[in-house]
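K.L.:
sequence first, predicted model second:
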Amino acid sequence: MSTKNINPNEQSSQSQCKMIARWLRRGKTITSMEALNLWGCARLASRINDLKNRGMNIDKEMIVTPYTNKRVARYFLVKNNK
């Protein structure tokens with residue numbers, strides 16, 4: 001028996017994925033706090049995983065925030081060098 005992760009907010013998640021993908025395609029980077037402030041996205045890592053599963057080549061770098069000295073992930077789209 002297969003179990004499927006049921007997301008009660010599927011429509012919202014899909015909208016957030018579209019906005020994040022568009023943002024990254026413009027060459028911009030995003031952190032969790034930025035995603036929360038821009039789109040109310042409280043689960044950026046999950047949306048990034050969704051986009052990766054759809055074939056987007058997204059990577060991250062760990063940065064230290066200037067005010068809190070906390071380490072956070074900053075996501076970016078990897079450019080193909082062809």
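P.N.:
Yes, it's here.

K.L.:
from here on, contacts and neighbour counts on C-alpha atoms
P.N.:
Will do.

K.L.:
can you count the residues close to the nearest residue to T65 once chain neighbours are set aside?
P.N.:
Leaving aside its sequence neighbours, T65 sits nearest to R71 (CA to CA, 6 or more residues apart in numbering; 6.4 Å). Applying other CA atoms under 10 Å, we find 12 residues neighbouring R71.

K.L.:
name whatever forms a beta bridge with R71.
P.N.:
Counting by DSSP bridges, R71 is bridged to V64.

K.L.:
which residues touch it?
P.N.:
62-65 (CA atoms under 8 Å, 6 or more residues apart in numbering).

K.L.:
quick one: which helix or strand includes the spatially most central residue of the chain?
P.N.:
Nearest to the mean C-alpha position of the chain, by CA atoms, centre = their mean, lies I48 at 3.5 Å. Per DSSP states H and E, I48 falls inside helix 44-53.

K.L.:
and that helix, which residues are buried?
P.N.:
Within helix 44-53, the residues that count as buried by 16 or more other CA atoms under 10 Å are 44, 47-48, 51.

K.L.:
tell me how far the residue nearest to the centre of the chain lies from Q16.
P.N.:
10 Å (CA to CA, to the nearest Å).

K.L.:
same deal with R54?
P.N.:
14 Å.

K.L.:
count the residues that sit near V64.
P.N.:
For V64, using other CA under 10 Å, the count is 12.

K.L.:
R54 and Q16: who's more crowded?
P.N.:
Q16 (20 against 9).

K.L.:
tell me the helix or strand right after whatever helix or strand the more buried one lives in.
P.N.:
Secondary structure from DSSP H and E places Q16 in helix 10-25. The helix or strand immediately downstream of helix 10-25 is strand 30-31, counting by DSSP H and E.

K.L.:
partner strands of that following strand and their direction?
P.N.:
Strand 30-31 has these strand partners (DSSP bridges): strand 71-77 (antiparallel).

K.L.:
the strand it pairs with versus helix 10-25: what angle between them?
P.N.:
Put simply, strand 71-77 runs at 80 degrees to helix 10-25, going by axes from the mean of the first three to the mean of the last three CA atoms, to 10 degrees.
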